[in-house]
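[1] Build the 3D model from these lines:
(one chain, ligands or ions: 2)
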Amino acid sequence: MALPKRDELLKDVHYDRMPEKHWMDTKPEFRPGTYCYAGDPEVVKDLGLPNPRKWQPYDEDWKLPENWKEIVLNAIRDRMDRFRSFKLFMDICVRCGACADKCHFFLGTGDPKNMPVLRAELLRSVVKGEFTRSGKIFGRLAGARPLTYDVIKEWFYYYYQCTECRRCSVFCPYGIDTAEITILAREILHEIGVNIDWILKPVRFSAEIGNHIGLQPHTIQENIEFLLDDIEEITGVRPEVPINKKGAEILFVTPSADFFADPGIYTFMGYVLLFHYLGLDWTLSTYASEGGNFGFFTSHEMMRKLHAKIYHEAERLKVKWILGGECGHMWRVVHQYEDTMLGPAPKNLEVPKCPITGTVFEHAKSTKIVHICEFTANLIAHGKLNLDPSRNDHLVVTFHDSCNTSRGMGIFEEPRFILRNVCNNFYEMPENTIREKTFCCGSGSGLNTDEYMEMRMRGGFPRANAVEYVHEKHGVNHLACICAIDRAVLPPLMNYWVPGVSVGGVHELVGNALVIPGEKKRTTDLRFQPLKGVEEEENV
Ligand code: SF4
Ligand code: SF4
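    Ligands and ions are numbered 1, 2, ... in the order given. Down below sits the predicted model:
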């Protein structure tokens, strides 16, 4: 089905209409554009996950294992025992409705089952029906229902219409985090082989080769050489990019999209120029060549497996600490799960210390991983960078807080501090759409696939709406962000809702503004776009 035109998309979204049927009697409609394709059986098999088979969400028969019900109930029981948060969240919701209109998928679809309160209820009702005495006796009257085949289909539909962004949790007076419920619901569905291809393929490539699209070491190196050619053409300087260098001080891990996909490549060029400027002793690893962790969207075990390789490489290469690039879920994994999930960092790692400013990053004492925005903001605060913000004067910039780095990690000030130092034109989007209350890009948590485009455009609508506001009010034409998924999914979102707004990483703008000793006079930015005033000068 073709994507509806912009003016058509939200025409039948109504927030105030009572549904005709009780929600328990309303089945999801698997309409193209609103669901993701099922996992390829070969990939499911390779990952050692249960029930590899050919199936698709629109099939009547999902070919579940015979004892699927028993598997699901055991999986719920197991998670209730292991995750206190899950047990609590299943228990304490008072149906106050404070979260109801906070989800971008509810705002973009008007579907009541996309209200966070009801999304959690999809699972809670089964927990009540199958595990509580009141639920068994009073059934629907107590908000309980049995686990049925249709419930499994409904879970799949709606737990893959949640980007695990946690916006709802900010507004819940009890701190219920529906993202955690979605994470566990997906994990439970995996146990009967209900999964999506767009998540599992990157997981397999990351586990087997090191990054999401399975780039081999020589391909990584070749890609980077192309980017260095461009840097040389633009600046007259050719930095070095050390790869798998044993004994380097710093291991740099960033999403692989930063060195192979537009517009991430420009962010990568920015990192490389910065490290060259500083004379940093760093290295990339071709094995830990992916910061993004799609295991996080699969199961806790898979998340752990993928993240562990970063530490393994830090150990093998004998680096002192790890610097992480502009990535979203890499940081949520680092900050919310790493300490308790992975145990101590390898012994060779030290508490990160900036070799230029001498700042010791005490907050990274345990993980030994520092975010590139913390690193660069610290350099700017110490006056260590020679910056010419006028080189970004062709851009009027706003900033999208990625859910994982903002709500998941609390990085609010550093990117803004950097942007204010590298750009002259920076405008914030409205207050209730940024920082902790930021709206999701609409395609996170592994939902950035083409077959899901309608739902992506619906889910991304609140974000785009806020961009449109500053686009019209201040002439904003560039959306900066610090997440590779955002860099991949915001361009189509902008093209659809707010044409004329480009998207890129913060370090791309750092790379534009950084005055490198020995560089030639720059006439273009890192995308070969003419700098402001250059065309006029050339025409004189
Ligand atoms: S975590 Fe985000 S996407 Fe999921 S229900 Fe809450 S607001 Fe919606
Ligand atoms: S805000 Fe919290 S307590 Fe209120 S309905 Fe939503 S999840 Fe339940």
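
[2] can you list the domain ranges for the protein.
    With domains defined by the TED database, the chain comprises 22-195, 202-513.

[3] Buried deepest among those domains, which one?
    Most buried of the domains of the chain by mean neighbour count (mean count of other CB atoms under 10 Å) is domain 202-513; its value is a mean of 21. Bear in mind the C-beta positions are built from the backbone N, C-alpha and C, glycine included.

[4] follow-up on the earlier one: out of the domains of the chain, which comes closest to ligand 2?
    domain 22-195 (3.2 Å; CB to the nearest ligand atom).

[5] If you average the pLDDT over that closest one, what comes out?
    Taken as a whole, domain 22-195 has a mean pLDDT of 96.

[6] Then stretch 417-435?
    pLDDT averaged over stretch 417-435 gives 98.

[7] Rebuild the domains of the chain as TSV, extending it with distance to ligand 2.
    Shown next, in TSV, are these (distance: least, CB to the nearest ligand atom, whole Å):
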stretch	distance to ligand 2
domain 22-195	3
domain 202-513	14
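
[8] Columns distance to L9 on top of those domains, output as TSV?
    Below are the domains of the chain laid out as TSV (distance: least, CB to CB, whole Å):
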stretch	distance to L9
domain 22-195	8
domain 202-513	6
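
[9] helices or strands next to the longest helix seen in the chain in the packing?
    Among the segments of the chain that qualify as a helix by DSSP state H, the longest is helix 217-235. In terms of contacts (3 or more CB pairs under 8 Å, 6 or more residues apart in numbering; DSSP states H and E), helix 217-235 is packed against helix 257-260, helix 264-278.

[10] Out of those helices, which gets the lowest mean score?
    Minimum mean pLDDT among these: helix 257-260, a mean of 93.

[11] so what does it touch, helix or strand wise?
    Secondary-structure packing of helix 257-260 (3+ CB pairs under 8 Å, 6+ apart): helix 217-235, helix 264-278, helix 484-497.

[12] Name the next helix or strand following the second one along the chain.
    Reading on from helix 264-278 to the C-terminus, the next helix or strand found by DSSP states H and E is strand 282-283.

[13] Now do that next one: distance to the chain's middle.
    24 Å (CA atoms, centre = their mean, to the nearest Å).

[14] Output the contacting helices and strands for it.
    When contacts are defined as 3+ CB pairs under 8 Å, 6+ apart, strand 282-283 packs onto strand 250-253.

[15] Give me the distance between the strand it packs on and the centre of its chain.
    Relative to its parent chain, strand 250-253 has a centroid offset of 20 Å by CA atoms, centre = their mean.

[16] Sheet partners, orientation included, of it?
    strand 282-283 (parallel), strand 321-324 (parallel) (DSSP bridges).

[17] how about the residue nearest the centre of the chain, what does it touch?
    Centroid-nearest residue in the chain, with CA atoms, centre = their mean: G328, separated by 4.3 Å. Listed by CB atoms under 8 Å, 6 or more residues apart in numbering, the contact set of G328 reads G292, S402, C403, N404, T405, G408, G444, I482, C483, A484, I485, D486.

[18] can you do 7 Å?
    S402, C403, N404, T405, G444, C483, I485, D486 (CB atoms under 7 Å, 6 or more residues apart in numbering).

[19] of all these, which comes closest to ligand 1?
    C403 (7.5 Å).

[20] Excluding sequence neighbours, find me the nearest residue to the closest one.
    Distances taken as CB to CB, 6 or more residues apart in numbering put C165 closest to C403, at 4.0 Å, once the chain neighbours are dropped.

[21] secondary structure class for the one you found?
    coil (DSSP: H, G, I helix; E, B strand; the rest coil).

[22] hang on, isn't it packed against G442?
    No. If you go by CB atoms under 7 Å, C165 and G442 don't touch, sitting 9.0 Å apart.

[23] This protein against ligand 1: which residues are in contact?
    Residues of the chain lying near ligand 1 by CB under 6 Å from any ligand atom: 102-103, 105, 116, 119, 162-168, 178-179, 182, 440.

[24] Tell me the one among those nearest to R238.
    C440 (38.6 Å; CB to CB).

[25] thinking again about what came up before, residues contacting the residue nearest to C403?
    A179, C403, C440, G444.

[26] just to revisit the earlier point, what does the longest helix of the chain contact?
    Counting by CB under 7 Å, 6+ apart, 237-239, 241, 243, 259-260, 265, 268-269, 272-273, 286, 289, 516, 519-520, 522, 524, 526 sit against helix 217-235.

[27] for that helix, the distance to its chain's centre please.
    Taking mean C-alpha positions (CA atoms, centre = their mean), helix 217-235 and its chain are 26 Å apart.

[28] got the residue ranges for the strands in the stretch 251-400 of the chain?
    Remark: strands assigned in the stretch 251-400 of the chain by DSSP state E, counting those that start in this stretch are 282-283, 321-324, 369-371, 397-400.

[29] I'd like those strands laid out as a markdown table, including mean pLDDT and distance to Y469.
    Shown next, in a markdown table, are those (pLDDT from 0 to 100; distance: least, CB to CB, whole Å):
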| stretch | mean pLDDT | distance to Y469 |
| --- | --- | --- |
| strand 282-283 | 98 | 39 |
| strand 321-324 | 97 | 31 |
| strand 369-371 | 94 | 28 |
| strand 397-400 | 98 | 9 |
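
[30] quick one: F205 and H212 touch, right?
    Yes. Counting by CB under 7 Å, F205 sits close enough to H212 to count as a contact (5.6 Å).

[31] circling back: out of the strands of the stretch 251-400 of the chain, the one nearest F138 is which?
    Of all the strands of the stretch 251-400 of the chain, strand 397-400 comes closest under CB to CB, at 45.7 Å.

[32] Cross-check the contact I'm expecting between V194 and F156.
    Yes. Applying CB under 7 Å, one finds V194 in contact with F156, separated by 5.5 Å.

[33] Please tell me how far E315 sits from M302.
    21 Å (CB to CB, to the nearest Å).

[34] Cheers, nothing more for now.
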